[in-house]
Every structure is written in C-alpha cells, then in structure tokens.
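Novice: Sharing a model prediction with you, sequence too.
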Amino acid sequence: MDLSIIIVSFNTKELVADCLNSVKVASTSLPADRQGLKTEIFVVDNNSHDGTPGFIGKNYPWIHLVRNHQNVGFAKANNQALKKAKGRYILILNPDTKVMPDTLTSMIKFMHEHQDTAIATCRVELANGLLDRDCRRRFPTPWRAFCHFSGLAKLFKRSKFFDQYYMGYLPDTKDHQIDSCAGAFMMIAKVALDKVGFFDEDFFFYGEDIDLCFRFKEAGYKIMYTPKTKIIHYKGAASGIKKASKHLSKATVESKKRAIAESVRAMELFYKKHYLKKYPFFINFLVIWAVKILGEIRLLKA
C-alpha cells in the first residue's frame, strides 16, 4: 500500500464530497506507462447531522467509513484510522481541501527523495490564492507568540527577529525545513509515526498538529515544506470562525464558541506540556494569563 489518506468530517458533506472527488482524480492521474497509486481512504465522521455518513456510504462505497456517535475530536478521530492504516505514507487531510491532480504523486516522490524527512507538507493555498501561513511555522515560544499577537510580526514583515512564527524571512517558493505544518495536509512516513506515536488526544480540536510535529522534532526527525505542488484550503469551514469561509460553514453559534474555546485551550495545553519547565515562573504566569485574556476577547467577539 502506497498511501493511506485520513479525513475527519463534521457537518461538511458538500466539502468532503469535493475533497474525495479531487483525491480520486489525484490517485489515478499518472502517465500511461505507470500504474495508479495504491491508496486506501478513511473518512471518520464525528457524528455529523447533515447526512454526511449516509451520503458517503451511498456514493463512495470504496471508502473505509468510521461512524462515531459523538464528536470525539480531531485527534482521537484521526487515531481511530491511524490504527488501521497500512500505507507506507499517511496523509492527514482536512475535508475542506481540494488536492491538485499531481499533489499525491509529487508529495510521495518528495518523500522518496528525502528519506530523512518524517513529515512533509506542500503549499497550502487559501481560496483567495494567498498562502495559508499555518502550513509553515516555527514553534510558538513566548517571544514568537508575543510578536505574533502584538502585531510586531506584521509591522516588521520578513524580519528574522520579529517575524519568526510564520517564517516571513524565508520565501515560500523554495523547499525548506520547518518546525510545524498544519493538520490540513500532513504527509507522514508510517515507519516514523510508529516510533513517535499518534496524536495526543488531550487536544480536542486545534493544537494536535503542532504538538505532533514538536514530538517528531524532539525525536530528531526533519519536517519539510515544498511548493512543488499545492492544495486549496477552504479554511475554517468546519468551525465557522473564519470570515473567508463563513458562507460554506454549517456551524452553529454554540459550535463556533466551542471551536474558539478549544483553540485557546490548545494554546495553554501546548505551552504547559512543552514549555512550562523551560521558562521561569514569571514568564509562565504572563503567558497563561495572556492566553486566558485572549480567549475571553475571542468569545466576546463571537
């Protein structure tokens, strides 16, 4: 098996259908002298109420469908499929994405050529054509987070001192190492995943991708970004908290509030897990306090 593709769905029926259609094309779009990729596709549905499970079961019978009777979160849902995946490579893919005809073959070729790379991502492009900056990040140390949330990173774009989190000092037109990519598109070498472990299920929705990357880096693996191919990401369609994709979202006010709360909780969880013992008490106090204030502000806006 060349590739196992895992998609977690939650009230994104139309989007996941478009995603699966693009994956099907990408799995078979090869030169006439080559066979198609040997792929398996898992869709783990987190108790959608828009008919997603029945729709997939009827229209995509080749899909390995896992139906959850409650929303167990992104990390746990992915882990359910990871335990069954048999591919040499694993692709974690969001349902609100569309892959290009060459995306899968290009990324597998990239992984073949970079045997010391455990995780790779391509250019993740928003619907407006701009780069989804979450696809290539540094880890959010207190300084990087401060520059990001204070606006210093935007004020001093491309500065290696201020614009560290989104790596603004490096062009997005060349291959380079990164600290973390986004869960929208993560191609992982299974042999490395078996050593490092699956997603941390303490993260419900948000943060599990950067946590996994952190653990891979700690284990000595490389994480790479390449612009040789791309996907389109209709970012925030499931959560409903991004302006650009609000028209595509079926999220209720309550689910939007939960998404915001979980995004903030993920920040605190990540910091406590990986940084609490690395910084002095007063830095830890300021960071945790700032995260809680940020959460209150975001909930008020919602």
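Specialist: Looks like it came in fine.

Novice: In three-state terms, label the residue positioned nearest the centre of the chain for me.
Specialist: Taking CA atoms, centre = their mean as the criterion, residue 183 is the residue nearest the geometric centre of the chain, at 1.0 Å. Secondary structure state of residue 183, per DSSP: H, G, I helix; E, B strand; the rest coil, is coil.

Novice: Hmm, it is touching residue 205, no?
Specialist: No: contact criterion CB atoms under 8 Å: residue 183 and residue 205 do not qualify, at 9.8 Å. Quick note: C-beta positions are derived from backbone N, CA and C, even for glycine.

Novice: shared neighbours of those two, anything?
Specialist: residue 74 (CB atoms under 8 Å, 6 or more residues apart in numbering).

Novice: re earlier: the nearest residue to the residue nearest to the centre of the chain once chain neighbours are set aside: which element?
Specialist: Of all residues not flanking residue 183 in the chain, residue 209 sits nearest, at 3.6 Å (CB to CB, 6 or more residues apart in numbering). Using DSSP states H and E, the element containing residue 209 is helix 208-218.

Novice: quick one: the helices in the stretch 51-200 of the chain?
Specialist: 52-59, 74-82, 103-113, 142-150, 152-155, 190-196 (DSSP state H, counting those that start in this stretch).

Novice: What is the last one packed up against?
Specialist: Think helix 190-196. Helix 190-196 sits against strand 89-93, strand 117-126, helix 208-218, with contacts defined as 3 or more CB pairs under 8 Å, 6 or more residues apart in numbering; DSSP states H and E.

Novice: what's the angle from the longest strand along the chain to helix 208-218?
Specialist: Under DSSP state E, the strand in the chain containing the largest number of residues is strand 222-233. Between strand 222-233 and helix 208-218, the angle comes out at 160 degrees (axes from the mean of the first three to the mean of the last three CA atoms, to 10 degrees).

Novice: Pull out the buried residues from strand 222-233.
Specialist: By 16 or more other CB atoms under 10 Å, the buried positions in strand 222-233 come out as 222, 223, 224, 225, 226, 227, 229, 230, 231, 232, 233.

Novice: So in that sheet, which strands flank it, and in what orientation?
Specialist: strand 97-99 (antiparallel), strand 117-126 (parallel), strand 176-177 (antiparallel) (DSSP bridges).

Novice: Any chance you could list what contacts the last one?
Specialist: Strand 176-177 has contacts (CB under 8 Å, 6+ apart) with 136, 170, 222, 223, 224, 225.

Novice: next one: the helix holding residue 209 to chain centre, how far?
Specialist: 12 Å (CA atoms, centre = their mean, to the nearest Å).

Novice: What is it packed up against?
Specialist: Helix 208-218 packs on helix 74-82, strand 117-126, helix 190-196, strand 222-233, helix 253-274, going by 3+ CB pairs under 8 Å, 6+ apart.

Novice: Now with 10 Å, please.
Specialist: Using 3 or more CB pairs under 10 Å, 6 or more residues apart in numbering; DSSP states H and E, the elements in contact with helix 208-218 are helix 74-82, strand 89-93, strand 117-126, strand 185-189, helix 190-196, strand 222-233, helix 253-274.
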